[in-house]
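> no sequence on this one, just coordinates:
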């Protein structure tokens, strides 16, 4: 599943080709995505694209008339292609521009989304209750401590809760907790401010590094220019259950936590 760095890399990849361009056509071949593509999505036709932003794992294509909200789901990808490029299997939507290019949305599993909204995005039900951006100034140790107060849930589950902080998916939650020396099953409300300070720092550094490296390579994702990311080669725990810890040599443990694979070092990350 594309996580925040993959979505941000996609945003960076497509933005130069979309901003200040006018939409000439929206071609919808299959509207049966996670939510049906609404008829009002056609309202973007004739509009000039002002900006391409990211909120959590949603891409927001801004126009004066409204916002196209795109989510990549589990297997979605976006490409900039010449218009009239023949459609292939799973190419569900083309956003055609007047300059002869188009943005193509491909999604084999169809868990992605392509929506339209005309009010401020903060009022949209998918966006209104999201927590702070992990790379933004509002994600601080103090904010995290306040959000975790009284919570008995495992810290890894809280770190992946979009109401607490957005976009820290399974890969990066595993990596950040390892880097911070915090056991993934530690009771969230009992972690002191000193350890939360380290955790916030590690979340920011790991996500920023992943974005810089071009996103983590997953089997269903390649970047907007078709090149895979390379950060996956530097993962310390995710996908390495049963292998040696890169810090101490102890064998890494693998468990299910919230139905997600969780890998940690029992020596470096003591509860």
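Perfect, thanks for sending it. All values derive from a computational prediction rather than experimental measurement.

> going forward, measure contacts and count neighbours with C-alpha atoms only.
Fine.

> list the buried ones in the longest helix anywhere in the chain?
For the chain, the longest helix by residue count, based on DSSP state H, is helix 193-213. By 16 or more other Cα atoms under 10 Å, the buried positions in helix 193-213 come out as 196-204, 206-207, 210-211, 213.

> Show me the contact partners of the helix or strand just after it.
Note on helix 193-213: by DSSP states H and E, the next helix or strand toward the C-terminus is strand 253-257. Residues from elsewhere that reach strand 253-257, judged by Cα atoms under 8 Å, 6 or more residues apart in numbering: 157, 241-242, 261-266.

> From residue 204, how far off is residue 138?
Distance, residue 138 to residue 204, using Cα to Cα, to the nearest Å: 12 Å.

> same question but for residue 5, I mixed them up
For residue 5, the distance to residue 204 - Cα to Cα - is 11 Å.

> Then residue 253?
Counting by Cα to Cα - residue 253 and residue 204 are separated by 25 Å.

> Could you find the closest non-adjacent residue to residue 260?
Excluding its sequence neighbours, the residue lying closest to residue 260 (Cα to Cα, 6 or more residues apart in numbering) is residue 170, at 7.2 Å.

> okay but that neighbour is in contact with residue 159, surely?
No - applying Cα atoms under 8 Å, one finds residue 170 not in contact with residue 159, separated by 9.2 Å.

> The two - which one has more neighbours?
Higher neighbour count among residue 170 and residue 159: residue 159, with 27 against 18, using other Cα atoms under 10 Å.

> mind listing what the more buried one touches?
So residue 159 contacts 165, 168, 173 (Cα under 8 Å, 6+ apart).

> can you rerun that using 6 Å?
Going by Cα atoms under 6 Å, 6 or more residues apart in numbering, residue 159 touches no other residue.

> same check, this time on residue 137
Counted by Cα under 6 Å, 6+ apart, residue 137 has zero contacts.

> Against residue 43, how distant is it?
Taken as Cα to Cα, the span from residue 137 to residue 43 is 34 Å.

> where exactly do the strands run in this structure?
23-28, 51-55, 58-62, 67-71, 77-82, 91-97, 101-106, 113-117, 253-257, 260-264 (DSSP state E).

> Would you single out the least confident of the ones you listed?
Mean pLDDT is lowest for strand 77-82 out of these, coming in at a mean of 90.

> so residue 114 bridges to which residues?
Note on residue 114: beta-bridge partners by DSSP bridges are residue 70.

> I'd say it and residue 73 touch.
No - with contacts defined as Cα atoms under 6 Å, residue 114 does not count as touching residue 73, sitting 10.4 Å away.

> Based on its surroundings, how many neighbours for the closest residue to residue 197 other than its chain neighbours?
Distances taken as Cα to Cα, 6+ apart place residue 141 nearest to residue 197, at 4.9 Å, with adjacent residues excluded. Per other Cα under 10 Å, the neighbour tally for residue 141 reads 19.

> and the gap between residue 141 and residue 151?
16 Å.

> What pLDDT does the model give residue 181?
With respect to pLDDT, residue 181 scores 98.

> Repeat that for residue 218.
On pLDDT, residue 218 comes in at 42.

> Equivalent analysis for the one 4 residues further on, please.
Residue 222 carries a pLDDT score of 46 in this model.

> Then residue 192?
At residue 192, pLDDT is 97.

> Any stretches of the stretch 101-250 of the chain with poor pLDDT?
Across the stretch 101-250 of the chain, residues meeting the criterion (pLDDT under 70) sit at 215-233.
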